[in-house]
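**Q** I need the structure of the sequence given here:
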Amino acid sequence: MSPIRFLLLSALMLGLSGCGGNDFGDLDAYMNEVRLRPPGKIEPTPTFRSYPTFTYSASNLRSPFSRQVRVDLAGQQHGSRNVKPDPNRVKQYLEGFNIEQFEMVGTISNASGSFALLRGAGGVHRLKVGDYLGRNDGRIVAISASQVDVVEIVPDGEGAWLERPRTIPLKEHS
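**A** Next comes the predicted model:
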């Protein structure tokens, strides 16, 4: 055996001999001291005051985060008696939701035509030109790669109806 190996082996044996022994006297003394202490008193849980309930009653009002509509009475458009929603038309599913909650996430084209993909109302929906959505009889009139054009029929406040154009832009990175 070489002298270097012998020195390394003896150093290792000396180091391991220091790891042995079962001297836990200091730990046993501390544990005995803790056991001899009188038992402590546990504080009871604090009592909580009940607060009066609050009912939010402004849910039917305009959201404070949406843009305010400015009414310009001088430049206000007047509706036409020829434009009006069809009361006999069967409503489509997406007409039960506000048009503001829809966002365009893409388009699909195949042999039967071009479709817009709109996210809202709990999922992604495939719509074509002529489909309806929103609560104001919104009809899709055009679909492009960057937006969906919708025309809504809204009352003008004087007993007639207006056609209001809306655009749903493509939301990128969604």
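**Q** which is the next helix or strand following the longest helix along the chain?
**A** In the chain, taking DSSP state H as the definition, the longest helix is helix 3-17. Going down the chain from helix 3-17, the next helix or strand is helix 25-36, by DSSP states H and E.
**Q** State the next helix or strand along the chain beyond that next one.
**A** Next helix or strand after helix 25-36 toward the C-terminus (DSSP H and E): strand 103-110.
**Q** That following strand: which residues count as buried?
**A** Along strand 103-110, these residues count as buried under the neighbour rule (16 or more other C-beta atoms under 10 Å): 103-107. To be clear about C-beta, it is placed using only N, CA and C from the backbone, and glycine gets the same treatment.
**Q** circling back to that earlier point, for the record, mean pLDDT for the longest helix of the chain?
**A** The average pLDDT within helix 3-17 is 77.
**Q** Extract the C-alpha set from that helix and format it as CSV.
**A** Output in CSV follows, covering the C-alpha atoms of helix 3-17 (Å, rounded to 0.1, in the frame of the first residue of the first chain):
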residue,chain,number,x,y,z
PRO,A,3,2.0,6.0,1.9
ILE,A,4,-0.5,8.5,0.4
ARG,A,5,-3.3,5.9,0.5
PHE,A,6,-2.3,5.0,4.0
LEU,A,7,-2.5,8.6,5.1
LEU,A,8,-5.9,9.1,3.5
LEU,A,9,-7.3,6.0,5.0
SER,A,10,-6.1,6.8,8.5
ALA,A,11,-7.5,10.4,8.2
LEU,A,12,-10.8,9.0,7.1
MET,A,13,-10.9,6.6,10.1
LEU,A,14,-10.0,9.4,12.5
GLY,A,15,-12.8,11.6,11.1
LEU,A,16,-15.4,8.8,11.4
SER,A,17,-14.4,8.0,14.9
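**Q** which other residues reach it?
**A** Contacts to helix 3-17, defined as C-beta atoms under 8 Å, 6 or more residues apart in numbering, come from no residue at all.
**Q** Now do it: distance to the chain's middle.
**A** Chain-centre distance of helix 3-17: 65 Å, with C-alpha atoms, centre = their mean, to the nearest Å.
**Q** Please pull out the lowest mean pLDDT helix or strand from this protein.
**A** helix 3-17 (a mean of 77; mean pLDDT, DSSP states H and E).
**Q** show me where pLDDT drops low in this structure?
**A** By pLDDT under 70, the low-scoring segments of the chain are 1, 15-22, 68-81, 174.
**Q** ok, back up a step: among the buried residues of strand 103-110, which one sits closest to Ala121?
**A** Comparing these against Ala121 with C-beta to C-beta places Glu103 closest, at 11.2 Å.
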